[in-house]
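Participant: Turn this into a model:
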Amino acid sequence: MKNFIAGLMVFTLLLFTGCEVRDKIETPKSDKEDTGIQIAMSFDSFVIERWQRDRDVFVSTVKELGATVNVQNANGDVEKQKEQIEYFIKKGVDVIVIVCIDSDSLKSTVQKAKDEGIKIIAYDRLVTNSDADLYITFDNEMVGTMMAEYLAENGAAGKNVLMLGGSPLDNNVPAVENGFMDVCKKEEMTVIDSIHCDGWRAEIAGDYIYEHEDTVREAAGIMCGNDNLAGQVIRALSEKRLAGDLPVVGQDADLEACQRIVEGTQGMTVYKPVERLAKRAAECAIALAQGMKLEGDDISTINDGTYDIPYIGLTPIAVTKDNLDEVIISSGFHLKEDVYLNVPEKMPGN
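Facilitator: Numbering: from 1, shown residues only. A predicted model of the protein is given here:
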């Protein structure tokens, strides 16, 4: 009886321990010796689907390289993000990786970290005027170029288009829009109206469609700052019986966006291989923590407003129904059965 009770207690302990582990980020255990390096990461939020994938790949790679990682979520609160960076400074971490909420607000907080000898990586979004040790992202002007080229090739050349952009606090947004506008000028497309969605709130883009129906009907295409915005736009267009007739583009290759592409309501998304971005960022974080100089053919420099800093800009890929299977499904980014969930008759081979 005593053995039975003891065994039951051990089983119960293991059961609760297992539940606790599942609530945390699941990453493979490292086969390498612990280096003692501490990496910290502060995210804007996890509202955008891709950030969870960035986090998981980054954490996994850091652990495989023998370091520890602490991930914090600022939930879109700039002051909270500053507090998180202050916390990392007190913890004495080696590197802080920041997915910033406001590109212009972190200069003084970042300087405190640098004064303590902590390296800074601006991840995906530039932290302006801060002299970060690395800015790693995708070529954002190319993202905008791809969006405009798709619209031009699908009936919008020489006509009117709408530009429903992301947060004005995100330094990537003007870069995307610059690339978009360059093609608009070349293809004689007129941006008849544009807005920015504060905090990347998708409902702002959706509300625009409801409130500006006459303007929407004058457009031959809609550029959305990301796929989350595109989703709300297409939902509103559906109610106006315009979904599928008016080309809509976005970026990030979210699962729902890929589903909309095969369904025919979204024309294109820009796929950014976040696994490559997150893995490269993790490798650079370890190198910086070890005092090594960043090296590689992909490293150049960019001006952050005050300083010239190391820069890595990876190449994005335009995804339409014509290459979605090859780019998205073959790479394992999304599963075929998930992408074609709502249109199984369109699955390849059917």
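
Participant: going forward, measure contacts and count neighbours with C-alpha atoms only.
Facilitator: Will do.

Participant: Can you name the next helix or strand after the lowest-mean-pLDDT helix or strand in the chain?
Facilitator: Ranked by mean pLDDT, DSSP states H and E, the weakest helix or strand in the chain is helix 2-22, scoring a mean of 40. Following helix 2-22 in sequence order, the next helix or strand is strand 38-43 (DSSP states H and E).

Participant: Partner strands of that following strand and their direction?
Facilitator: Partner strands for strand 38-43, per DSSP bridges, with pairing direction: strand 68-73 (parallel), strand 95-98 (parallel).

Participant: Endpoint to endpoint, stretch 145-159 covers what distance?
Facilitator: 17 Å (Cα to Cα, to the nearest Å).

Participant: now stretch 39-50
Facilitator: With Cα to Cα as the measure, the first residue of stretch 39-50 is 21 Å from its last.

Participant: any chance you could map the strands in the protein?
Facilitator: With strands called from DSSP state E, the chain shows them at 38-43, 68-73, 95-98, 119-123, 134-138, 160-165, 190-196, 222-224, 248-251, 268-271, 299-303, 308-314, 317-319.

Participant: Return the most buried member of the strands paired with strand 38-43.
Facilitator: strand 95-98 (a mean of 26; mean count of other Cα atoms under 10 Å).

Participant: contact partners of it?
Facilitator: Outside strand 95-98, the residues that touch it by Cα atoms under 8 Å, 6 or more residues apart in numbering are 38-43, 85, 88, 118-123, 285, 288-289.

Participant: quick one on the thing from earlier: in CSV: the strands of the chain, plus distance to Ser60 and mean pLDDT.
Facilitator: Converted to CSV, the strands of the chain look like this (distance: least, Cα to Cα, whole Å; pLDDT from 0 to 100):
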stretch, distance to Ser60, mean pLDDT
strand 38-43, 12, 96
strand 68-73, 9, 95
strand 95-98, 15, 97
strand 119-123, 16, 97
strand 134-138, 18, 96
strand 160-165, 32, 98
strand 190-196, 34, 98
strand 222-224, 31, 98
strand 248-251, 25, 98
strand 268-271, 21, 98
strand 299-303, 23, 95
strand 308-314, 20, 96
strand 317-319, 24, 98
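
Participant: Ok, which of these comes nearest Gly332?
Facilitator: Gly332 lies closest, by Cα to Cα, to one member of those: strand 268-271, at 12.7 Å.

Participant: Can you give the distance of that closest one from its chain's centre?
Facilitator: 12 Å (Cα atoms, centre = their mean, to the nearest Å).

Participant: cool, stretch 233-246 as well?
Facilitator: The answer for stretch 233-246 is 25 Å, by Cα atoms, centre = their mean.

Participant: what ranges do the helices span in the stretch 101-250 of the chain?
Facilitator: For the stretch 101-250 of the chain, the helices defined by DSSP state H, counting those that start in this stretch cover 107-115, 140-151, 172-186, 202-211, 213-218, 227-239.

Participant: Could you say which of these is packed most deeply?
Facilitator: Highest mean neighbour count of the helices of the stretch 101-250 of the chain: helix 140-151, a mean of 24 (counted as mean count of other Cα under 10 Å).

Participant: Going by contacts, tell me the helices and strands next to that one.
Facilitator: helix 172-186, strand 222-224, strand 248-251, strand 268-271 (3 or more Cα pairs under 8 Å, 6 or more residues apart in numbering; DSSP states H and E).

Participant: Show me how this structure divides into domains.
Facilitator: Structural domains assigned to the chain are 2-132+274-314, 140-272+322-346, following automatic domain parsing.

Participant: Excluding chain neighbours, what is closest to Gly305?
Facilitator: In this structure, Gly305 finds its nearest non-sequential neighbour in Asn129, 5.1 Å apart by Cα to Cα, 6 or more residues apart in numbering.

Participant: Check the burial of the one you found by counting its neighbours.
Facilitator: As a burial measure, Asn129 scores 20 neighbours (other Cα atoms under 10 Å).

Participant: Distance check, it against Lys293.
Facilitator: With distances taken as Cα to Cα, Asn129 is found 21 Å from Lys293.

Participant: just Glu177 next, same as before
Facilitator: 33 Å.

Participant: Would you mind listing the buried residues in stretch 48-58?
Facilitator: Applying a neighbour-count criterion of 16 or more other Cα atoms under 10 Å, one finds 49-51, 54-58 buried in stretch 48-58.

Participant: Tell me the one among the residues you listed nearest to Cys100.
Facilitator: Lowest distance from Cys100 to these (Cα to Cα) belongs to Trp51, with 12.1 Å.

Participant: and the helices and strands packed on helix 140-151 as CSV, adding distance to Tyr208?
Facilitator: Converted to CSV, these look like this (distance: least, Cα to Cα, whole Å):
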stretch, distance to Tyr208
helix 172-186, 18
strand 222-224, 12
strand 248-251, 14
strand 268-271, 20
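
Participant: who wins for proximity to Val62 among these?
Facilitator: Nearest to Val62 among the helices and strands packed on helix 140-151 is strand 268-271; the distance by Cα to Cα comes to 23.7 Å.

Participant: tell me what the closest one is packed against?
Facilitator: The helices and strands touching strand 268-271, judged by 3+ Cα pairs under 8 Å, 6+ apart, are helix 140-151, strand 248-251, helix 255-263, strand 317-319.

Participant: Show me how far the first one is from its chain's centre.
Facilitator: On the basis of Cα atoms, centre = their mean, the separation between the geometric centre of helix 140-151 and that of its chain is 16 Å.

Participant: go on, stretch 183-200?
Facilitator: Taking Cα atoms, centre = their mean, the mean C-alpha location of stretch 183-200 is offset from the chain mean by 21 Å.
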